[in-house]
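Chemist: With the sequence up front, the predicted model follows.
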Amino acid sequence: DAKVASDILNITLTARTVGEKKFPLAGVPYHAVDAYIAKMVQSGNKVAIVEQLEDPKFAKKIVKRGVVQLVTRGTITLPESLGKSKNNYLVAIKREQGIYGLAALDLSTGEFLVTDFDEENAVSLLEVELSRLKPSEILVENDLWKSLNIYSDMQLCTITYRDDFFFDSEQGKENICKHFNVLSLEGFGIGDYNPSTGSAGAILSYLKETQMRENFLNITKISPIISQDYMILDLSTVRNLELIENLRDRTEYGTLRQVIDNTKTSAGSRLLTSWILRPSLKHSTIQTRIDSTKELLDDSILRDEIRDILSRMNDLERLISRVCLGRSKPRDLLALRHSLELIPSLKTLLSQTKTSLL
């Protein structure tokens, strides 16, 4: 591990001699460890965090240590590794009787989504959804992934294989109901025993396995993706139209998102990205967005005041998630307090608007 870290992080490799054996070592400053962890994870590695589990004052011999967290591409919440306008999705896929169930979770924001594909072109629809989500990590059974034959950029996405029982729908329902403290999933608009239920349960099990904890207070709801409400944009269309990545070097320079993204918050930028990749087909939704845009366009003073407040607001979604996961730092708490203090002024301004979206 020390040799691997030395190569990836470009740090000095040392050694410690114990008896006649030499053990390689590589270290980084503790105050800068987050940046190094992010770099290791981005290179496709999983990083185990080991901490002291007892007070050295009361230790009889060697202080007890243990793994307290396993950081992976799909579960990382460090600001150094998360893009402002991009979600960091952990996706799970299950197939049952010809139906494909997909669940997606962004642990850094608490967004939890599920959907099922049972049409003849289910695999194509699944590939479209994966191209929209751009997951950082996919949980899937080995044979199923091979049969899907879906292209995945291994430099950007890690495929984590799990046995078939890991995606059991009945166990999945039990995991989800226990997490949300409910008896049925009907209130969320999803079926109790759909394949996507097994996928969602697999994600919760994986979180408990890697994060070494039972509760995730930042995950407050689970929402269905209703495919019929959105225009289908396949991977080729998204690429050729250069919606979020250009064809030349796959950056966002010159893309539609870069041109129209004048949002003031990270959450707003992520929402805009979602709207670009999922154009709504519902007349009421489209009309509401048009009415809201027109209202702000007509009232320039109100618009500027709202934008001024939003420009001073930090990424509330991710700040709250880090607090709920017990990974916040003093600067996160200060940023959270500063952002929360702005909300009353923002609510006062929005109360002057007429459209429901605002």
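Modeler: Yes, it's here. Residues are numbered from 1 along each chain as shown.
Chemist: buried sites along the helix or strand hosting residue 41?
Modeler: Using DSSP states H and E, residue 41 sits within helix 33-42. The neighbour-count check on helix 33-42 (16 or more other CB atoms under 10 Å) flags 34-42 as buried. Backbone N, C-alpha and C define where each C-beta goes, glycine included.
Chemist: Of these, just say which sits nearest to residue 195.
Modeler: residue 41 (28.9 Å; CB to CB).
Chemist: ok, the closest one touching residue 73?
Modeler: Yes. Between residue 41 and residue 73 there is a contact at 5.7 Å, judged by CB atoms under 8 Å.
Chemist: joint contacts of these two?
Modeler: Counting by CB atoms under 8 Å, 6 or more residues apart in numbering, no residue touches both residue 41 and residue 73.
Chemist: Tell me which residues touch the residue lying closest to residue 159 once chain neighbours are set aside, please.
Modeler: The shortest distance from residue 159 to any residue other than its chain neighbours is 5.3 Å, reached at residue 138 (CB to CB, 6 or more residues apart in numbering). Taking CB under 8 Å, 6+ apart, we find residue 138 in contact with 74, 91-93, 130, 145, 152, 157-160.
Chemist: Show me how to select, in ChimeraX, the buried members of these.
Modeler: In ChimeraX syntax, the buried subset of the contacts of residue 138 is picked out as below (16+ other CB under 10 Å):
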select :74,91,92,93,130,145,157,158,160
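Chemist: pLDDT and distance to residue 333 for the contacts of residue 138 - can I get that in CSV?
Modeler: As requested, the contacts of residue 138 are exported to CSV (pLDDT from 0 to 100; distance: CB to CB, whole Å):
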residue, pLDDT, distance to residue 333
74, 95, 26
91, 97, 31
92, 97, 32
93, 96, 37
130, 92, 36
145, 93, 41
152, 70, 38
157, 91, 33
158, 92, 31
159, 93, 36
160, 95, 32
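Chemist: I figured residue 99 hits residue 117, correct?
Modeler: Yes. Contact criterion CB under 8 Å: residue 99 and residue 117 qualify, at 7.0 Å.
Chemist: Neighbour count for these two, which is higher?
Modeler: residue 117 (22 against 15; other CB atoms under 10 Å).
Chemist: For the more buried one, grab phi and psi.
Modeler: Note on residue 117: backbone dihedrals following degrees, to the nearest 10 are phi -120, psi 120.
Chemist: Residue 244 too?
Modeler: phi -130, psi -10.
Chemist: so what's it up against?
Modeler: Per CB under 8 Å, 6+ apart, neighbours of residue 244: 238, 252, 255-257, 273, 276-277.
Chemist: By neighbour count, which of those wins?
Modeler: Neighbour-wise, the contacts of residue 244 (other CB under 10 Å) top out at residue 273, 22 neighbours.
Chemist: Show me the contact partners of stretch 151-158.
Modeler: Residues contacting stretch 151-158 (CB under 8 Å, 6+ apart): 44, 72-74, 134-138, 159, 235.
Chemist: Would you map the helices across the stretch 251-358 of the chain?
Modeler: For the stretch 251-358 of the chain, helices defined by DSSP state H, counting those that start in this stretch occupy the ranges 256-260, 266-277, 283-298, 300-311, 316-324, 330-350.
Chemist: Distance from the chain centre to stretch 340-358, please.
Modeler: 27 Å (CA atoms, centre = their mean, to the nearest Å).
Chemist: Put the alpha carbons of that stretch into CSV.
Modeler: Output of stretch 340-358 as CSV, limited to C-alpha atoms (Å, rounded to 0.1, in the frame of the first residue of the first chain):
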residue,chain,number,x,y,z
LEU,A,340,-28.7,29.6,7.6
GLU,A,341,-28.6,33.3,8.8
LEU,A,342,-29.3,34.3,5.2
ILE,A,343,-32.5,32.2,4.8
PRO,A,344,-35.0,34.6,6.6
SER,A,345,-34.0,37.5,4.2
LEU,A,346,-34.3,35.2,1.3
LYS,A,347,-37.8,34.0,2.4
THR,A,348,-38.9,37.6,2.8
LEU,A,349,-37.9,38.4,-0.8
LEU,A,350,-39.5,35.2,-2.2
SER,A,351,-42.8,35.9,-0.4
GLN,A,352,-43.2,38.9,-2.8
THR,A,353,-43.3,36.5,-5.8
LYS,A,354,-46.5,35.0,-7.3
THR,A,355,-45.4,31.8,-9.1
SER,A,356,-45.5,28.6,-7.2
LEU,A,357,-41.9,27.5,-8.2
LEU,A,358,-40.5,30.6,-6.4
